[in-house]
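Q: here is my input, please return the structure:
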Amino acid sequence: MPEIRLYTTAWCGLCLRAKALLDARELDYDEVVLDDDPSFRQTVFDAGGQWTVPLVLIDGKPIGGYRELAAVDHAGLLAERLAA
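A: Okay, here's the model as predicted:
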């Protein structure tokens, strides 16, 4: 099973939605909570090339934030991508 890593903060509504989507699909993921990281934007950028959370990575490859995750899921590509 491919590894899913999710970078989040507690105050981010889209982070909550990303976690809810993954939980609804019963997918395991490694959550990296960045609340105590004063340079969290640089951490997220270094991990996935974007400045905002949530950041979703599958097997180390960034797919984007919640909107991209939801679009991939809606298109049926999330399950396909995780089955590979």
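
Q: hey, where'd the strands end up in this structure?
A: For the chain, the strands defined by DSSP state E occupy 4-8, 30-33, 55-58, 61-64.

Q: which parts of this structure are helices?
A: Under the criterion DSSP state H, the chain contains helices at 13-24, 40-48, 66-74, 77-83.

Q: as a markdown table, the ones you listed with mean pLDDT would be great.
A: Compiled in a markdown table, the helices of the chain are given as follows (pLDDT from 0 to 100):
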| stretch | mean pLDDT |
| --- | --- |
| helix 13-24 | 97 |
| helix 40-48 | 94 |
| helix 66-74 | 95 |
| helix 77-83 | 80 |
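
Q: got JSON lines for these, with mean neighbour count and distance to residue 56 too?
A: Just so you know, the C-beta spots here come from the backbone N, C-alpha and C atoms, and that holds for glycine as well. Below are the helices of the chain laid out as JSON lines (neighbours: other Cβ atoms under 10 Å; distance: least, Cβ to Cβ, whole Å):
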{"stretch": "helix 13-24", "mean neighbour count": "16", "distance to residue 56": "6"}
{"stretch": "helix 40-48", "mean neighbour count": "16", "distance to residue 56": "8"}
{"stretch": "helix 66-74", "mean neighbour count": "16", "distance to residue 56": "5"}
{"stretch": "helix 77-83", "mean neighbour count": "13", "distance to residue 56": "10"}
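
Q: highest average neighbour count across the strands of the chain?
A: Most buried of those, by mean neighbour count (mean count of other Cβ atoms under 10 Å): strand 55-58, with a mean of 23.

Q: quick check: mean pLDDT across that one?
A: Mean pLDDT, computed over strand 55-58, is 96.

Q: hmm, what's the outermost residue in this structure?
A: Centroid-distance maximum for the chain: residue 38 at 19.7 Å, with Cα atoms, centre = their mean.
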